[in-house]
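> Show me how the following folds:
(one chain, ligands or ions: 2)
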Amino acid sequence: MHHGPGRPMGPRIPLTPQQREALSGPDFVLPQASDTFELGRRLAAVLRAGDLLVLTGPLGAGKTALVQGIGAGLGVGGTVVSPTFVIARVHRGPLPLVHVDAYRLRSMAEVDDLDLDVDAADAVTAVEWGAGLVEQLSDAHLEIAIDRAEVGEERYVRLFPHGGDWAERVASLR
Ligand SMILES: Nc1ncnc2c1ncn2[C@@H]1O[C@H](COP(=O)(O)OP(=O)(O)O)[C@@H](O)[C@H]1O
Ligand SMILES: [Mg+2]
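Numbering: from 1, shown residues only. Ligands and ions are numbered 1, 2, ... in the order given. Predicted structure coming up:
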């Protein structure tokens, strides 16, 4: 049997998403706030009715800033602000945007009970602080993980596709 250079020596062991993440750099490096906004605008171009976006990252990471860019890209009305005091805000437009702050929600039922005047199937739903809570709302979602640099203002974004055709859509953004 021939073992030439560059030939695989055996079966490849697939990496877990965590291992892959540790090996690779972030998908996007964002030096300033306008870059976060711009990434949101670009992301909006691949969004469709029924999409669920789960934004993770510490306070001040830029989750709301990214949703502001998404709102601009979707062309929705109203200013996208932190929804902290209202839990959820609906922005009307060709493709409506539901912006949720799940910080004080403790169960999926509470999310379902919000009784928004738009059907999630007809809108894009972007949730801050919803990790581990809202994934079950949809059979597919995009996790958007934002992190701050330890020193300086730079932000790092990783996109984790979960189900549906998110992997293809994410690949088209890179
Ligand atoms: N890439 C970036 N570089 C520098 N500042 C940023 C960047 N992205 C966002 N910001 C700023 O960080 C601050 C907090 O952002 P915000 O979206 O409110 O965070 P979060 O919703 O995650 O708590 C805002 O002033 C925002 O303009
Ligand atoms: Mg926020």
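> can you give me the strands in the chain?
28-30, 52-56, 88-91, 97-101, 124-128, 141-148, 155-162 (DSSP state E).
> What about the nearest residue to Ile70 once chain neighbours are set aside, how many residues nearby?
Spatial nearest neighbour of Ile70, chain neighbours left out: Gly40 (4.2 Å); criterion: Cβ to Cβ, 6 or more residues apart in numbering. C-beta: built from backbone N, CA, C; applies to glycine. For Gly40, the tally of surrounding residues (other Cβ atoms under 10 Å) stands at 25.
> From ligand 1, how far off is Gly40?
Remark: distance between Gly40 and ligand 1 (Cβ to the nearest ligand atom, to the nearest Å) = 10 Å.
> next one: Asp117
Plainly put, Asp117 is 24 Å away from ligand 1 if you go by Cβ to the nearest ligand atom.
> correct me, but that residue touches Arg89?
No - applying Cβ atoms under 8 Å, one finds Asp117 not in contact with Arg89, separated by 11.4 Å.
> residues contacting Ala120?
Each residue near Ala120 by Cβ atoms under 8 Å, 6 or more residues apart in numbering is listed here: Gly50, Leu52, Val98, Leu137, Ser138.
> ok, of the residues you listed, which come out buried?
Among the contacts of Ala120, those classed as buried by 16 or more other Cβ atoms under 10 Å are Gly50, Leu52, Val98, Leu137, Ser138.
> Using a markdown table, please lay out those residues together with distance to Val76.
Converted to a markdown table, the buried ones among the contacts of Ala120 look like this (distance: Cβ to Cβ, whole Å):
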| residue | distance to Val76 |
| --- | --- |
| Gly50 | 16 |
| Leu52 | 17 |
| Val98 | 10 |
| Leu137 | 20 |
| Ser138 | 20 |
